[in-house]
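**Q** Next comes the sequence, and after it the predicted model I'd like to discuss.
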Amino acid sequence: MTNETWGQVREELIKRVGKNNYVTWIEPLKLALLNNGVARFEVPTIFFGDWVQRNYADHIRSQLASAGSPVERVEFAVGAPSMATAPAPVKATAKPSRARSVPVEDLPGAPLDARFTFDSFVVGKPNELAHAAARRVAEGGPVTFNPLFLYGGVGLGKTHLMHAIAHELHTRSPDLRVLYLSAEQFMYRFVQALRERQVMDFKELFRSVDVLMVDDVQFIAGKDSTQEEFFHTFNALVDQNKQIVISADRAPGEIKDLEERIKSRLQCGLVVDLHPTDYELRLGILQQKVDYYRSQYRGLVLADGVLEFLAHRITSNVRILEGALTRLFAFASLVGREITLELAQDCLADILRSSDRKLSIEEIQRKVAEHYNIRLSDMIGPKRLRNIARPRQVAMYLSKQLTPRSLPEIGRRFGGRDHTTIMHGVRKIEELMATDSQLSDDLQLLRRLLQG
Ligand SMILES: Nc1ncnc2c1ncn2[C@@H]1O[C@H](COP(=O)(O)OP(=O)(O)OP(=O)(O)O)[C@@H](O)[C@H]1O
């Protein structure tokens, strides 16, 4: 076979493996030798060669056979001498791995927020397990669970804990290569590497870290090439016994459009959730923030009962709670007044109103129908098939739990059903929850989605 034939084979391979894979993995191959049933190609690195061997050698062999040059073996070698018949001499392009030489401070991570430390993280019942696991990882030492997967609703402290781990690791071992970034940034970097044909550098860099932390991993769901790359990075680091910390807004199994193999990998380590805050935790966080603000807004007086009022009324998430307090302090310092309950009510009227927003039965029905992939009309219709009746009972149960509506009122909104039917549905779900872990996971997720 000549390089011309190899050119034809490459044309066929584009169709087989797709343009992206072709550009990344096939185009850089240089035919070095074809002899005694062996085709040997020059590759830039050992990793590259292993990868192509595992993923594309069969394609190459079969296309060579179709082009009339059957071979028994396809080999890949770094710096293999090029074929004499090659029209353009093949230059040795093998590069030594540069990844390790990238200094810690130049790793392509996101900046860490200096305020997000363990000291400033208030621990309460809803987050104590997540906090303990994060502390354990931050101690360094032998990897005990990999990955640590933190999940929970919006603004409950996932990012704060990840930054705290990174700060602590940096303090304990300044040379440790800790890389923190969001899943979105991971994708952005990967796409950039593809565009600039720097995929090998990207791979090597991400495989050269000691600790990898990826925030909001749900972002890569449905993004096929990024998922693929993430999966391989993940595996390579786990194989090297490097710590991985991941966060998401829901448990691995609940992330739609995430490949099954990734879900199962993510479940292999320790999966912990940050529960919605309770009153005590909210109050604790407020008290801690007040101590911090006092240094900035000297002389401001906070009346008794204001923090309790806020902790009681703003239940959605910590970010909103913090925002309310910042606004209150800023406003009070501008007008030079004591922070009283009245001032808080006035100044935070919009936040308080949206916190008070009542959930409607229709919203619950819609969310449940969407979750179980059934039609909204079936939710209130007469069908008794199990795959429709069960979600309907789930929606009845959540309507009873999350709204102040009576059973007859709920019945009316479920197609005019009798209140005893609603009671039966609610009881059925309560019974099943004790034994059916999938159902209780579903309920937990739906609650979170509905309550925001
Ligand atoms: N237990 C806590 N103690 C102190 N501050 C907290 C606590 N939980 C959350 N916060 C604060 O609430 C804000 C939001 O937290 P963070 O950004 O970590 O949320 P998140 O769970 O990552 O949310 P998202 O899903 O939006 O990414 C931050 O300012 C953080 O410091």
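**A** Right, received. Where do you want to start? Numbering: from 1, shown residues only.
**Q** looking at this, residue 77 is in a strand?
**A** Yes: according to DSSP: H, G, I helix; E, B strand; the rest coil, residue 77 belongs to a strand.
**Q** Please work out how many residues are found near it.
**A** Using other CB atoms under 10 Å, the number of residues around residue 77 comes to 15. C-beta here means a position set from N, CA and C on the backbone, and glycine is covered the same way.
**Q** contacting residues for whichever residue of the stretch 301-450 of the chain sits closest to the ligand?
**A** Scanning the stretch 301-450 of the chain for the residue nearest the ligand gives residue 318, at 3.5 Å (criterion: CB to the nearest ligand atom). Counting by CB atoms under 8 Å, 6 or more residues apart in numbering, residue 318 makes contact with 155-157, 277, 282, 285.
**Q** That one and residue 126, how far apart?
**A** Distance from residue 318 to residue 126, counting by CB to CB, to the nearest Å: 11 Å.
**Q** same thing with residue 253?
**A** 21 Å.
**Q** So which of those two has more stuff around it?
**A** Between residue 253 and residue 126, counting by other CB under 10 Å, residue 126 is the more crowded of the two (20 against 15).
**Q** Look at the more buried one and tell me its secondary structure.
**A** Per three-state DSSP, residue 126 ends up helix.
**Q** which one is it nearest to, not counting chain neighbours?
**A** For residue 126, ignoring the flanking residues on the chain, the nearest one in space by CB to CB, 6 or more residues apart in numbering is residue 275 at 3.7 Å.
**Q** follow-up on the earlier one: okay, and the common contacts of residue 318 and residue 126?
**A** Shared contacts of residue 318 and residue 126, counting by CB under 8 Å, 6+ apart, come down to 156, 277.
**Q** quick one: contacts of stretch 258-271?
**A** 133, 145-149, 151, 217-218, 220-222, 227, 230-231, 234-235, 238, 244, 246, 251-253, 255.
**Q** swap the cut-off to 7 Å and go again
**A** 133, 145-149, 221, 227, 231, 234, 246, 251-253, 255 (CB atoms under 7 Å, 6 or more residues apart in numbering).
**Q** Give the buried residues for it.
**A** With burial defined by 16 or more other CB atoms under 10 Å, the residues of stretch 258-271 counted as buried are 258-259, 262, 265-266, 269-271.
**Q** can you list the residues of this protein near the ligand?
**A** For the chain, the contact set with the ligand under CB under 6 Å from any ligand atom comprises 116, 120-122, 127, 152, 154-160, 216, 249, 285, 318-319, 322.
**Q** Mean pLDDT per helix and strand in this structure: which one sits at the bottom?
**A** Here the helix or strand of the chain ranked lowest by mean pLDDT, DSSP states H and E is helix 19-21, holding a mean of 69.
**Q** And the next helix or strand past that helix?
**A** strand 30-35 (DSSP states H and E).
**Q** That following strand - what's its average pLDDT?
**A** Strand 30-35 carries an average pLDDT of 82.
**Q** just checking, what packs against that strand?
**A** strand 38-43 (3 or more CB pairs under 7 Å, 6 or more residues apart in numbering; DSSP states H and E).
**Q** Give the partner strands of the strand it packs on in its sheet and their orientations.
**A** strand 30-35 (antiparallel), strand 73-78 (parallel) (DSSP bridges).
**Q** Local confidence estimate at the closest residue to residue 55 other than its chain neighbours?
**A** In space, and not counting its chain neighbours, residue 55 is closest to residue 25: 7.2 Å by CB to CB, 6+ apart. Note on residue 25: pLDDT of 77.
**Q** what's the helix or strand for residue 113?
**A** Residue 113 belongs to no helix or strand, assigned by DSSP H and E.
**Q** That one: what's its closest spatial neighbour, skipping adjacent residues?
**A** residue 163 (5.4 Å).
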